[in-house]
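# Here is my input, please return the structure:
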Amino acid sequence: MTIKNRVISYARLMRLDKPIGILLLLWPMLWGLWFAAKGVPDMIILGIFIMGTILMRSAGCVINDYADQEIDPHVERTKSRPLVTGSVAAKEALLLAAGLSFCAFLLILPLNNLTIMLSFIALFLAASYPFTKRFFAMPQAYLGIAFSFGIPMAFAAQTGELPMIAWLLMLATVFWVIAYDTAYAMVDKADDLKIGIKTSAITFDRFDVVGVMVCHGIFLVIMIWVGATQQLGSAFYIGLAIALGLIIYQYRLIRHRDPASCFKAFLNNNRVGAVIFMGIVIDFLATSGL
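Below is the predicted model of the structure:
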């Protein structure tokens, strides 16, 4: 294999060709950082967290494919992944995941001890999540904790503290992740049932669509609570209103359980994260008088 082909295979293993995962991991972290900094985050911390998000999501994808290398050949959507086709060896994948995680750790070394301590929990969550689908009926909830853990880390880095608002934001994000990743799991539901792995789409059974929408609803209610406790203004709530419109659109996509439409609904959550972030940014700018 040429060097170019090997690099392409590594990039595919890291899902750099599919940045939706980076974005869905990035939005909650940005929400948390903006709240922690009252709209004026430290630019060095911002840069560290953006790069760290990219590195850790990439490492998580590699670990996921390593864990699923015996499962992926039996799923239509994943049967052409690099570890399945043999373009990347299992040992290479482990070394790549370790290297990415080490680079992410080096990034946060200039930050405070609380942030560094939390990074070990974040690494454990990222490394252990892929194995939860073997025994846990709701692995999407575990993923939600992993994907929202950037919020307390952002507060720790920016303020050195972990106030209640950080945990409220994290709780909201957990429900958001369960919602969109259940829609994602609905894409592979038939294959997953044959293989015998566990997902929230299977656990919810015929109530999968209801489960997605209930989780979205809880997410929005908690975000409204966050806005009330932080005394945010109209821009934040307009962002939530637009997010609600997008979620209603997602319901129309998933209600017939068509795999292609469910995947489209999953992708649409990038817009949900973005409009909420824009609402937060604009609200803080308005409050500061800029």
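
# Any idea how far apart the tips of stretch 184-204 sit?
13 Å (CA to CA, to the nearest Å).

# Show me the contact partners of it.
71, 74-77, 133-141, 178, 181-182, 208, 210-212, 254, 257, 259, 262-263, 266 (CB atoms under 8 Å, 6 or more residues apart in numbering). (Each C-beta comes from the backbone N, C-alpha and C, glycine too.)

# Show the buried residues in these.
71, 75, 133, 136, 138-141, 178, 181-182, 208, 211-212, 254, 257, 262-263, 266 (16 or more other CB atoms under 10 Å).

# Which members of the contacts of stretch 184-204 are positioned in helices?
139-141, 178, 181-182, 208, 210-212, 254, 259, 262-263, 266 (DSSP state H).

# of all these, which two lie farthest apart?
Using CB to CB, the ones in helices among the contacts of stretch 184-204 span at most 22.5 Å, a distance reached by Ala141 and Pro259.

# Where does pLDDT dip in this protein?
The chain contains residues with pLDDT under 70 at 1, 289-290.

# So which residues of it form helices?
Under DSSP H, the chain gives helices at 3-13, 20-36, 43-67, 82-85, 90-108, 113-132, 139-148, 150-159, 164-187, 189-195, 200-204, 208-229, 234-254, 259-288.

# Need the winner for burial among the ones you listed.
Most buried of the helices of the chain, by mean neighbour count (mean count of other CB atoms under 10 Å): helix 150-159, with a mean of 25.

# contacting residues around that one?
Helix 150-159 has contacts (CB under 8 Å, 6+ apart) with 25, 28-29, 31-33, 35-37, 41-42, 45, 48-49, 53, 108, 111-112, 114-115, 118-119, 122, 161-163, 165-167, 169-170, 173.

# How about stretch 103-122?
44-45, 48, 51-52, 55-56, 59, 123, 146, 149-150, 152-153, 156-157, 160, 162.

# And Phe35, how far from Phe155?
Per CB to CB, to the nearest Å, Phe35 is found 8 Å from Phe155.

# Now do the shared contacts for the two.
By CB under 8 Å, 6+ apart, the residues touching both Phe35 and Phe155 are 165-166.

# quick one: stretch 192-208 to chain centroid distance?
For stretch 192-208, the distance from its own C-alpha centre to the chain's C-alpha centre is 20 Å (CA atoms, centre = their mean, to the nearest Å).

# residue contacts, Gln268?
Careful, residue 268 is Asn and not Gln. So Asn268 contacts 246, 249-250, 253 (CB under 8 Å, 6+ apart).

# Recalculate using a threshold of 10 Å.
Going by CB atoms under 10 Å, 6 or more residues apart in numbering, Asn268 touches 180, 183, 246-247, 249-250, 253.

# Please apply the same query to His256.
209, 262.

# Can you give me the distance of it to Cys215?
His256 is 19 Å from Cys215, where distance means CB to CB.

# And Thr287, by the same measure?
Counting by CB to CB, the gap from Thr287 to Cys215 is 30 Å.

# May I ask you to confirm that Arg271 is in contact with Leu246?
Yes - applying CB atoms under 10 Å, one finds Arg271 in contact with Leu246, separated by 5.5 Å.

# Confirm for me that Ala126 is in contact with Phe147.
Yes - in this structure, Ala126 is within contact of Phe147 by CB under 10 Å, at 9.4 Å.

# what residues are shared contacts of these two?
25, 57, 60.

# if I pick the last one, what's in contact with it?
The reference is to Gly60. 14-15, 21, 25, 97, 100-101, 123, 125-127, 129-130, 143, 146-147.

# Next: Leu30.
If you count contacts by CB under 10 Å, 6+ apart, Leu30 has them with 41, 46, 49-50, 53, 150-151, 154, 273-274, 276-277, 280-281.

# at 6 Å instead, please
Phe277 (CB atoms under 6 Å, 6 or more residues apart in numbering).

# same deal with Asp181?
140, 143 are the contacts of Asp181 under CB under 6 Å, 6+ apart.
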